[in-house]
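Engineer: Model the structure of this input:
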Amino acid sequence: LELRRPSSPLVDLKPIEFGILGSKKEIVQPGILKKTYTPDDYFRKFEPRLYSLDSNSDDVESLTDEEIVAKYQLGMLHFSTQYDLLHNYLIVRVIEAKDLPPPISYDGARQDMAHSNPYVKICLLPDQKNSKQTGVKRKTQNPIFEERYMFDIPFLEAQRRTLLLTVVDFDKFSRHCVIGKVSMPLSEVDLVKGGHWWKALVPSSQNEVELGELLLSLNYLPSAGRLNVDIIRAKQLLQTDMSQGS
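Structural biologist: Numbers count the residues shown, from 1 in each chain. Sure, this is the predicted structure:
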């Protein structure tokens, strides 16, 4: 008795005949399946901003801190991070900055002889609403902050966040001008052990910072012809004095 392994079934694609009873038949050959190709930029035309890349990101990743300082000349920031497993919060300590660039005059023609009034905004990307902020340090390019902030966040969630520190100058024209930023993915560091870092500031695509949010209530009384405006709550307001941050 000879046993043979069954072979794969063969599919015979024969012409298909279509026709109406009593009419001439038409023979249609089966079509061949073709793989379609979608260009990489096909979807980009809908929302280009969603696919745009920071022009500085590739350059910065390939440079050392010393090379970044030499290239951008925005100074450096000293800070530390540590996660408290007992209380489930992340501690970010903003210590100091050095060699911040002097402010530019309003017309941009020359440097203002006055020093900067710098402060630092701290947030955990992608959440920028629950940010923290140091106090403003008056007339200095080498501010010492020594301020400590806590973020109530689970440990696993903290590891998925990116720490963003933005150094801002509150200038003499009451403008909040971004000097530079430092971003650090928390997945790349030992949060429990903690650590201190000196990081070079890099340019930010954000020239100005958000001024905060204000919740209002409007109520018009037709009988009295009066409009009542109640200020209920404000949050994430920027520091404009030289006191402790928030």
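
Engineer: How are the strands of the chain distributed by residue range?
Structural biologist: Using DSSP state E, the strands of the chain run over residues 16-18, 26-28, 76-84, 89-98, 118-125, 127-133, 144-152, 162-170, 176-185, 195-200, 213-221, 226-235.

Engineer: Tell me which of those lies nearest to Leu63.
Structural biologist: Leu63 lies closest to strand 195-200 among those, at 8.5 Å (C-beta to C-beta). (C-beta placed from N, C-alpha, C; glycine too.)

Engineer: between that closest one and strand 176-185, what angle do the directions make?
Structural biologist: 130 degrees (axes from the mean of the first three to the mean of the last three C-alpha atoms, to 10 degrees).

Engineer: Who are the packing partners of strand 195-200?
Structural biologist: helix 65-72, strand 76-84, strand 176-185 (3 or more C-beta pairs under 8 Å, 6 or more residues apart in numbering; DSSP states H and E).

Engineer: To Trp198, which of these lies closest?
Structural biologist: Here strand 76-84 is closest among the helices and strands packed on strand 195-200 (C-beta to C-beta), at 5.2 Å.

Engineer: Count the residues that sit near Lys137.
Structural biologist: Residues lying near Lys137 (other C-beta atoms under 10 Å) number 22.

Engineer: What's the per-residue pLDDT of the residue nearest to it when sequence neighbours are not counted here?
Structural biologist: Setting aside the residues directly before and after it, Lys137 is nearest to Pro143 in space (C-beta to C-beta, 6 or more residues apart in numbering), at 3.6 Å. In this model, Pro143 is scored at 96, pLDDT.

Engineer: Now do the same contact list for Pro143.
Structural biologist: Contacts for Pro143 were tallied using C-beta atoms under 8 Å, 6 or more residues apart in numbering; they are Glu96, Ala97, Leu100, Pro118, Lys137.

Engineer: Ok, Tyr220 next?
Structural biologist: Arg226, Leu227, Asn228.

Engineer: Mind doing that once more with 7 Å?
Structural biologist: With contact taken as C-beta atoms under 7 Å, 6 or more residues apart in numbering, Tyr220 is in contact with Leu227.

Engineer: can you check Ser116 too?
Structural biologist: Leu100, Pro102, Pro103, Thr140, Gln141, Asp169 are the contacts of Ser116 under C-beta under 7 Å, 6+ apart.

Engineer: which phi and psi does it have?
Structural biologist: phi -80, psi 160 (degrees, to the nearest 10).

Engineer: beta partners for the residue lying closest to it once chain neighbours are set aside?
Structural biologist: Ranked by C-beta to C-beta, 6+ apart and with sequence neighbours excluded, the top spatial neighbour of Ser116 is Asp169, at 4.5 Å. With DSSP bridges as the criterion, Asp169 is bridged to Pro118, Cys177.

Engineer: Of the contacts of Pro143, grab the buried ones for ChimeraX.
Structural biologist: A single ChimeraX command selects the buried members of the contacts of Pro143 (16 or more other C-beta atoms under 10 Å):
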select :97,100,118,137
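
Engineer: Closest to Lys71 out of the contacts of Pro143?
Structural biologist: Ranked by distance to Lys71 (C-beta to C-beta), the contacts of Pro143 are led by Leu100 at 15.8 Å.

Engineer: In this protein, where is pLDDT below threshold?
Structural biologist: By pLDDT under 70, the weakly predicted segments of the chain are 1-60, 104-114, 172-174, 206-213, 233-246.

Engineer: try 50 this time
Structural biologist: For the chain, the stretches with pLDDT under 50 are 35-55, 242-243.

Engineer: Next up, the contacts around Phe151.
Structural biologist: Tyr89, Leu90, Val92, Leu124.

Engineer: Pipe the residues you listed into TSV and attach neighbour count per row.
Structural biologist: What follows is those, written out as TSV (neighbours: other C-beta atoms under 10 Å):
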residue	neighbour count
Tyr89	17
Leu90	23
Val92	20
Leu124	21
